[in-house]
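Engineer: Please find the sequence and the predicted model below.
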Amino acid sequence: MGDDDGAHRGEASQLRRRLGCSDLREVPEARRALRELLRHWERPGGSEIAELLTSELVTNALVHTDRDAVLTATVSPHGLRVEVRDFVGRRPRLREPIPDDGTHGRGLVLVESLADAWGVRAHGVGKAVWFELNGGAA
C-alpha cells in the first residue's frame, strides 16, 4: 500500500487490491483496507460514506460480472477517488429500487446521492465504476 500516512502530510496514498471472482468475503476486507487508508483523512463522516459506497461498488462487480475485479482507492489533500474495475463491458444501470425487492437495486442510487461525483468509463476489456468524495468539510 505504500505510505499509509501520506495524505495526512499532503501527499497521495493509494490502496490497490485484486478481488476474487464472486467471493463476497472480499467486501468486508475491502472496507477494512479502505478504513485503514483513511484513518487520517480529515473529512467528517467521510470514512463511513466511503466504506458504504465502496461496499456497493465491490458487491456489484462481484455479483453482476462473475469475474475478478480490481479496487483502487487514492486519497489526497483534494479528496478520495475509489474505482472498481471489472472485466465485463456491460455497463451498470441506475434503476429505481422496487419497494418490495429488499435491498436489491439500491447500490448506484446510494452512490449517486452520497458521492460528490461518480461515473463509469470503458477500460480496455471491461469498465471502471468510480466515485469521488471531496476533502475538507462535508
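Structural biologist: In hand now; what should we look at?

Engineer: Look up how far V125 lies from the residue sitting nearest the centre point of the chain.
Structural biologist: Of all residues in the chain, the one closest to the mean position by CA atoms, centre = their mean is T54, 3.0 Å from it. Noted for T54: a distance of 23 Å to V125, by CB to CB, to the nearest Å. C-betas here are computed from N, CA, C, even on glycine.

Engineer: Equivalent analysis for A30, please.
Structural biologist: Distance of A30 to V125, given as CB to CB: 22 Å.

Engineer: How about G45?
Structural biologist: For G45, the distance to V125 equals 36 Å [CB to CB].

Engineer: What of R32?
Structural biologist: Computed as CB to CB, the R32 to V125 distance reads 29 Å.

Engineer: Next, the contact list for the residue nearest to the centre of the chain, please.
Structural biologist: Contact analysis of T54 by CB atoms under 8 Å, 6 or more residues apart in numbering lists A30, R31, L34, L71, A73, V82, V84.

Engineer: Let me know the pLDDT of the first one.
Structural biologist: Confidence per residue is given as pLDDT, and for A30 that number is 94.

Engineer: separation between it and A61?
Structural biologist: Separation of A30 from A61 (CB to CB): 10 Å.

Engineer: who touches both of the two?
Structural biologist: Common neighbours of A30 and A61 (CB under 8 Å, 6+ apart) are L19.

Engineer: For L19, state which of the contacts of T54 is nearest.
Structural biologist: L19 has its nearest neighbour among these in L71, at 5.9 Å by CB to CB.

Engineer: The closest one: which element?
Structural biologist: According to DSSP states H and E, L71 maps onto strand 69-76.

Engineer: And the helix ranked longest in the chain, what's buried?
Structural biologist: In the chain, ranked by residue count with DSSP state H as the criterion, the top helix is helix 46-65. Buried residues in helix 46-65, counted by 16 or more other CB atoms under 10 Å: 46-47, 49-51, 53-62, 65.
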